[in-house]
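# Coordinates only, no sequence provided:
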């Protein structure tokens, strides 16, 4: 069974940094593109980032580009999101997600999410 | 970035009703579109990929259509478990972008 478990720093001040981790199990992590998606409290979904299986290609949403960095360690079956220059509008639930099989690259498995709060 | 305009933002419907949600892309995305369902406090679930292909395990009461810039999610005969928020997601170009969401509520 696919399992994705997010962890990491939960609270930061504006301008600060946090690092999220996502531990993967139940599948061959190295074979899959991975994603981060977030959701501000009471708001809609926002696509944050993607990293290919080998870590060589990464892309970011416009609101986080230049501030967030996605990475992965295939030896540890882990995905990371380094968040810098945090803003209050970065507050929300952060989900890691796995590329699905034969679903045109869409993600079909998600973690339970981790709540990040940016506040002074 | 490609903008996805989803409508309506919310709707009220009764059990057994047919519901239609639309998503419009700001440029041609061919059929690179998915639909997700989210219930409160839960991670989203994939319903439709490639605009019209039903993901495994999703009831056949759900269907998707469209290509280019205009897309539709239809739910035939609303069931209690279908009251949720629905999002479209374009996967044509990075950054991928979601629609704003449509909340389906009980009338």
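Noted; the coordinates are in hand. Remember, it's a predicted structure, so these values are computed and weren't measured experimentally.

# Just give me the neighbour total for the residue nearest to residue B:59 when sequence neighbours are not counted.
Distance criterion Cβ to Cβ, 6 or more residues apart in numbering or on different chains; nearest residue to residue B:59, sequence neighbours excluded, is residue B:79 at 7.7 Å. The way it works is simple: take the backbone N, C-alpha and C, and place the C-beta from them, glycine included. Other residues within reach of residue B:79 by the criterion other Cβ atoms under 10 Å in any protein chain shown amount to 12.

# got the contact list for residue B:79?
Applying Cβ atoms under 8 Å, 6 or more residues apart in numbering or on different chains to residue B:79 gives the contacts B:15, B:59, B:61.

# try residue B:30
B:67, B:68, B:92 are the contacts of residue B:30 under Cβ under 8 Å, 6+ apart.

# List the ones among those that fall in strands.
Mapping the contacts of residue B:30 onto strands (DSSP state E) picks out residue B:67.

# wait, which of the contacts of residue B:30 is closest to chain A?
Sorting the contacts of residue B:30 by how near they are to chain A, with Cβ to the nearest Cβ, puts residue B:92 at the top with 10.4 Å.

# how close does the closest one get to residue B:31?
9 Å (Cβ to Cβ, to the nearest Å).

# Among the two, which residue is more densely surrounded?
Set residue B:92 next to residue B:31 and count neighbours by other Cβ under 10 Å: residue B:31 wins out with 18 against 15.

# returning to that earlier point: now neighbour count too, for the contacts of residue B:79, in a markdown table please.
Putting those into a markdown table (neighbours: other Cβ atoms under 10 Å in any protein chain shown) gives the following:
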| residue | neighbour count |
| --- | --- |
| B:15 | 12 |
| B:59 | 13 |
| B:61 | 14 |
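
# where does chain B come near chain A, residue by residue?
Taking Cβ under 8 Å from any Cβ of the partner chain, the part of chain B that reaches chain A is made up of B:1, B:32, B:34, B:36, B:38, B:43-44, B:46, B:49-50, B:53, B:55, B:85, B:87, B:89, B:91, B:94-101.

# thinking residue A:9 is in contact with residue A:18, fair?
Yes. Here residue A:9 reaches residue A:18: they are 4.0 Å apart, a contact under Cβ atoms under 8 Å.

# what does chain A put close to chain B?
Residues of chain A lying close to chain B (Cβ under 8 Å from any Cβ) are A:44-47, A:50, A:59-62, A:65, A:95, A:100, A:103-108, A:110-113.

# Buried only: go through those for me.
Neighbour-count burial within the residues of chain A next to chain B applies to A:44-47, A:50, A:59-61, A:95, A:100, A:103, A:105-108, A:110-111, A:113; the criterion is 16 or more other Cβ atoms under 10 Å in any protein chain shown.

# quick one, what contacts the residue most central in space within chain B?
Using Cα atoms, centre = their mean, the residue of chain B that lies closest to the mean C-alpha position is residue B:35, 3.9 Å off. By Cβ under 8 Å, 6+ apart, the contact list for residue B:35 reads B:46, B:47, B:48, B:62, B:64, B:73, B:86, B:87, B:88, B:89.

# let's see it at 6 Å
For residue B:35, the contact set (Cβ atoms under 6 Å, 6 or more residues apart in numbering or on different chains) comprises B:47, B:48, B:64, B:73, B:88.

# Looking at these, which one is closest to chain A?
Taking Cβ to the nearest Cβ as the measure, chain A sits nearest to residue B:48 out of the contacts of residue B:35, at 9.1 Å.

# Report the secondary structure element holding that closest one.
strand B:45-49 (DSSP states H and E).

# so what pLDDT did the most centrally placed residue in chain A get?
Within chain A, one residue has its C-alpha closest to the average C-alpha position: by Cα atoms, centre = their mean, that is residue A:36, at 2.9 Å. The score at residue A:36 is 98. That number is its pLDDT.
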